[in-house]
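Enquirer: how does the following fold in three dimensions:
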Amino acid sequence: MSKKVFVIGLDCLTPQYFLDEYLDSLPYTRALLKRSVWGRMRSTIPPITCPAWACMMTGKDPGTLGIYGFKTRPDYTYRQPVLPTSAFVKERTIWDIIGEKGKKSIVVAVPPSFPPKKINGIMISCFLTPDASLDYAYPPEIKSEIEHNIGGYMIDVENFRTEEKDALLKQIYSLSENKFRIAEYLMERKKWDYFMFVDMGPDRIHHGFWKYFDKTHNKYVSGNKYENSLRDYYSFLDGKIRSLAERLDDDTTVLVVSDHGAKKIDGGFCINEWLIKKGYLKLKEYPKEPTKLAMSMVDWKNTKAWGEGGYYARVFFNVKGREPEGNIEEKDYGKFADQITRELKDIKYINSDADKTVVYRAEELYKEVKGIPPDLFVFLGDLYWRSIGSVGYKDIFTPENDTGPDDANHNYEGVFIMHDKTMKEGRRLDNISIYDVAPTVLENMGFDVPSDMKGKVLYGA
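Expert: As a prediction, this is how the structure comes out:
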């Protein structure tokens, strides 16, 4: 009989605090590490919630999935990018593979999972669900069961980019409480061989409170009201992890994982303002105040490139024969890419110790490239700076995000902890990759690992 696996997914859980600085305040986690294989886990490039969780569950990279961030170009026209849905994940996940052999899964809030797919088991959709009034569960009757027994499904906090910090902190705790209660309810009442849920709470507290506890943040003020906010929240999570793990039998392997980490943010770099100043982006009319760039605002005949905001900058080229009004000749594509890459790497950041910008093309990152990737993946200040897509700033730097206050950016490393009863002592592993999770889970459940998965087995049953 194959082992069962229970995965606690904590979005953005960051190793420098959870596995290091705050570990003395996390008694269960500290004890767990003494009988686990664990370590820092390298995320996807880019280290973004979508695609990272999907990559973790398929063992495939963003190029194979064709998911490169929270927004995706639907085609090579000038339509606005769209949010990824569950339909974007066409590769087989862990629950697909084991479901073909009759094994049951319960999957709660693993992005991207709206609308929920029909699986051999239960699926509840993720934070990308537009509204809780919609059908967020498969089978459909699970929705009414959750609402009757749990009091409802909290999709996400209403707005984590806000200055109303007391209300935000309360919402974050409520969000985590809701996810753990749903997990506890389902794990004890439904049949499963594989169980996984994701809590977005850590991501929300990092973005909302990083400047209050990171003494290196340029907005940190000593002795502030929220100085211990992350330590206290991590302590809360430590107790929640204990409450679930102690309910599991000895034949269940437990994983605690995050899709990426976090780091301070020094400010926003206005990628489209920079492109305007360089002469690569031409607007029909420059706005009088900061305005989200709409495709209808662009003078396409005189534009060579435009960018998207986010945790990293996605820069797209206007290529002749590819875009409707493209003006970069195909033969000049490589030369233009090299030129703009050099210029991006020469950016000097203000009021920041960021000393480099990292730029990739899709073919440098992935063997297979599906969908429509950006022509350039740009990690501004090596992720100490966020990309601002709006225009109208009249400057390339801004101290704030254009979608609201944000104290943190994503980082390349997340958390990996794995425990089962055969482990008598802890062992810290190096070189853990997010792609190792799916092969490791399948191996420990007694399944053959598909040869096209990228990762390796970290620990065998």
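
Enquirer: nearest residue to I265 in space, please, no chain neighbours.
Expert: N409 (4.4 Å; C-beta to C-beta, 6 or more residues apart in numbering). (C-beta placed from N, C-alpha, C; glycine too.)

Enquirer: against D251, how distant is that neighbour?
Expert: 40 Å (C-beta to C-beta, to the nearest Å).

Enquirer: kindly report the same for S113.
Expert: Distance from S113 to D251, by C-beta to C-beta: 27 Å.

Enquirer: so these two - more neighbours on which side?
Expert: Ranked by neighbour count (other C-beta atoms under 10 Å), S113 and D251 place S113 first, with 27 against 11.

Enquirer: could you verify that the more buried one is part of a helix?
Expert: No - read with DSSP: H, G, I helix; E, B strand; the rest coil, S113 is coil and lies in no helix.

Enquirer: for it, what are its contacts?
Expert: By C-beta atoms under 8 Å, 6 or more residues apart in numbering, the residues touching S113 are 86, 107, 123-126, 128.

Enquirer: just name the closest of those residues to D11, please.
Expert: C126 (9.7 Å; C-beta to C-beta).

Enquirer: burial of the nearest residue in space to G371 that is not next to it in sequence, as a residue count?
Expert: Spatial nearest neighbour of G371, chain neighbours left out: G66 (2.8 Å); criterion: C-beta to C-beta, 6+ apart. G66: 21 surrounding residues under other C-beta under 10 Å.

Enquirer: correct me if wrong: G66 contacts A362.
Expert: No - G66 is not in contact with A362 according to C-beta atoms under 8 Å; the separation is 10.4 Å.

Enquirer: what is in contact with the two at once?
Expert: With C-beta under 8 Å, 6+ apart, G66 and A362 have common neighbours 369, 373.

Enquirer: strands of the stretch 151-300 of the chain, start to end?
Expert: 194-199, 252-257, 261-264, 267-270 (DSSP state E, counting those that start in this stretch).

Enquirer: can I assume A337 sits in a helix?
Expert: Yes - the assignment for A337 (three-state DSSP) places it in a helix.

Enquirer: for it, what are its contacts?
Expert: Counting by C-beta under 8 Å, 6+ apart, A337 has contacts 317, 361, 375-376.

Enquirer: next up, the contacts around the closest residue to R427 other than its chain neighbours.
Expert: Closest residue to R427 apart from its sequence neighbours, by C-beta to C-beta, 6+ apart: V37 at 5.1 Å. Counting by C-beta under 8 Å, 6+ apart, V37 touches 417-419, 423, 426-429, 458-459.

Enquirer: so H217 makes contact with K264?
Expert: Yes - when contacts are counted by C-beta under 8 Å, H217 is listed as touching K264 (4.6 Å).

Enquirer: between these two, point out the one with more neighbours.
Expert: Set side by side, H217 and K264 show more neighbours around K264, with 21 against 17, by other C-beta under 10 Å.

Enquirer: residues contacting that one?
Expert: The contact partners of K264, by C-beta under 8 Å, 6+ apart, come to 210-211, 214, 216-218, 384, 407-409.

Enquirer: also W385?
Expert: 265-269, 349, 352, 354, 409 are the contacts of W385 under C-beta under 8 Å, 6+ apart.

Enquirer: again, but for F18
Expert: F18 makes contacts with 26, 29, 234, 415, as judged by C-beta under 8 Å, 6+ apart.

Enquirer: quick check: longest helix of this structure.
Expert: Criterion DSSP state H: the longest helix present in the chain is helix 165-189.

Enquirer: show me where the stretch 1-150 of the chain has strands.
Expert: 4-10, 37-42, 105-108, 121-124, 137-138.

Enquirer: what's the angle from the first one to strand 252-257?
Expert: Same thing as strand 4-10. 20 degrees (axes from the mean of the first three to the mean of the last three C-alpha atoms, to 10 degrees).

Enquirer: contacts for strand 4-10 next, please.
Expert: Under the criterion C-beta under 8 Å, 6+ apart, residues 53, 110, 183, 187, 192-199, 201-202, 237, 241, 244-245, 248-249, 251-259, 415, 441, 444-445 lie in contact with strand 4-10.

Enquirer: give me the number of residues near the closest residue to W95 other than its chain neighbours?
Expert: Leaving aside its sequence neighbours, W95 sits nearest to S105 (C-beta to C-beta, 6+ apart; 3.7 Å). Burial of S105 is recorded as 22 neighbouring residues (other C-beta under 10 Å).

Enquirer: what's near enough to touch S105?
Expert: Residues in contact with S105, defined by C-beta under 8 Å, 6+ apart, are 94-95, 98-99, 119-123, 192-196.

Enquirer: hmm, back to that, distance to A305 and neighbour count for the contacts of S113 - can I get that in CSV?
Expert: CSV is the format used below for the contacts of S113 (distance: C-beta to C-beta, whole Å; neighbours: other C-beta atoms under 10 Å):
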residue, distance to A305, neighbour count
S86, 31, 18
V107, 39, 27
M123, 39, 25
I124, 40, 25
S125, 35, 28
C126, 32, 26
L128, 28, 20
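
Enquirer: I'd like these as JSON lines, with distance to N327 and pLDDT appended.
Expert: Below are the contacts of S113 laid out as JSON lines (distance: C-beta to C-beta, whole Å; pLDDT from 0 to 100):
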{"residue": "S86", "distance to N327": "37", "pLDDT": "96"}
{"residue": "V107", "distance to N327": "45", "pLDDT": "98"}
{"residue": "M123", "distance to N327": "45", "pLDDT": "98"}
{"residue": "I124", "distance to N327": "47", "pLDDT": "98"}
{"residue": "S125", "distance to N327": "41", "pLDDT": "98"}
{"residue": "C126", "distance to N327": "39", "pLDDT": "97"}
{"residue": "L128", "distance to N327": "35", "pLDDT": "95"}
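
Enquirer: as JSON lines, the residues you listed with distance to G152 would be great.
Expert: Formatted as JSON lines, the contacts of S113 follow (distance: C-beta to C-beta, whole Å):
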{"residue": "S86", "distance to G152": "21"}
{"residue": "V107", "distance to G152": "19"}
{"residue": "M123", "distance to G152": "18"}
{"residue": "I124", "distance to G152": "12"}
{"residue": "S125", "distance to G152": "14"}
{"residue": "C126", "distance to G152": "16"}
{"residue": "L128", "distance to G152": "18"}
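
Enquirer: the helices in the stretch 1-150 of the chain, which residues?
Expert: For the stretch 1-150 of the chain, the helices defined by DSSP state H, counting those that start in this stretch cover 15-16, 27-33, 49-58, 62-65, 94-99, 141-149.
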